[in-house]
Structures are given as C-alpha cells and as structure tokens.
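>>> what shape does this take:
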Amino acid sequence: MKKIGKKKDYFCIQVKGNQKTLKEDIEDYFADKGFRRKWKKAGTEKVLQTNIAGGVEEFVRAVRRHWAIESYHWILNMTFREDTSRTLNKNVARNLNILRKLAISILEELPFRKKFSRRIKRYIISLDVRKYLKLFFDI
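Numbering: from 1, shown residues only. Model (predicted):
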C-alpha cells in the first residue's frame with residue numbers, strides 16, 4: 001500500500017465487502033488521505049479507493065480503459081497462452097507480443113463461414129497457411 005501511495009500515479013483499488021480484513025486495512029490506510037468512494041449494489045458492498053480527481057465520468061472512463069486492456073490480455077492468453085511463455089529475453093518477448101497482436105487482428109478480419117473461437121480459427125489457418133495469407137493480403 002505504501003508503494004501505491006508514493007508512486008504519485010492514478011490508482012483504483014476495489015475490495016468486496018466479504019474481504020473484511022483487507023477491506024478494513026485499505027480503508028484505514030486511505031481514510032486520512034481523502035481517497036474514499038463507496039458503492040452498494042444489490043446487497044453487496046464494494047469499496048473503491050481512488051485518487052482520480054473529477055467526477056464519476058472520469059472515474060468510469062478510467063475503469064473502462066483498464067478493463068479494455070485486461071480484456072485484450074485475456075484474449076492473448078486464451079488464444080496464445082501468453083502467460084505461460086517462458087521467454088527470458090525482453091526484446092524477444094516484446095517482439096512475440098507484437099506478432100501475437102498482429103495475429104489477433106488477422107484472426108478477427110478473416111472471413112469464416114461459421115463463428116469460431118480464435119483458437120479454432122488459428123488451427124484452421126494452420127491447415128492451409130498459404131490460402132489464408134492470400135485471402136488476407138490479396139496476393
């Protein structure tokens with residue numbers, strides 16, 4: 001928690017009411033800093049600690065940006081198992097990430113007769129790579 005406070009960057013921490021000890025620790029730490037936001041929804045309490053200045057609109061924008069990035073990471077992990085990559089060289093890891101993102105873009109653009117998962121699309125393309133490269137790049 002101290003690292004978060006010292007970093008001087010935006011943060012948002014969500015804690016559900018059923019995580020009582022953690023919730024209390026976070027509330028105590030941030031209570032004197034004025035970073036308290038609290039919402040109740042359908043009987044469940046969620047405490048959000050944030051230093052995002054401004055109104056609800058700015059907060060919602062920040063949360064949506066965060067989840068857009070998380071969603072994209074989930075797609076990379078489900079399609080290419082990126083989290084299990086054992087690449088130690090940072091440049092190689094960065095380049096593989098770029099190639100995976102390019103592959104995701106290609107998977108999204110290629111026309112398939114049926115709706116398949118990205119993993120199945122990847123398998124179908126692997127059966128005849130030249131055909132799909134010609135189709136995608138109009139070669």
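>>> where exactly do the helices run in the chain?
2-7, 20-31, 56-80, 90-109, 118-127, 129-137 (DSSP state H).
>>> pLDDT (mean, whole number) over stretch 28-45?
The average of the pLDDT scores along stretch 28-45 is 61.
>>> how close does the most centrally placed residue in the chain sit to Val63?
The residue lying closest to the centre of the chain (CA atoms, centre = their mean) is Glu70, at 0.6 Å. According to CB to CB, to the nearest Å, Glu70 stands 10 Å off from Val63. (Each C-beta comes from the backbone N, C-alpha and C, glycine too.)
>>> just Phe112 next, same as before
Counting by CB to CB - Phe112 and Val63 are separated by 33 Å.
>>> buried sites along stretch 103-114?
For stretch 103-114, the neighbour count (16 or more other CB atoms under 10 Å) marks Ala103, Ile104, Ile106, Leu107 as buried.
>>> OK, contacts around the first one?
For Ala103, the contact set (CB atoms under 8 Å, 6 or more residues apart in numbering) comprises Thr79, Phe80, Arg122.
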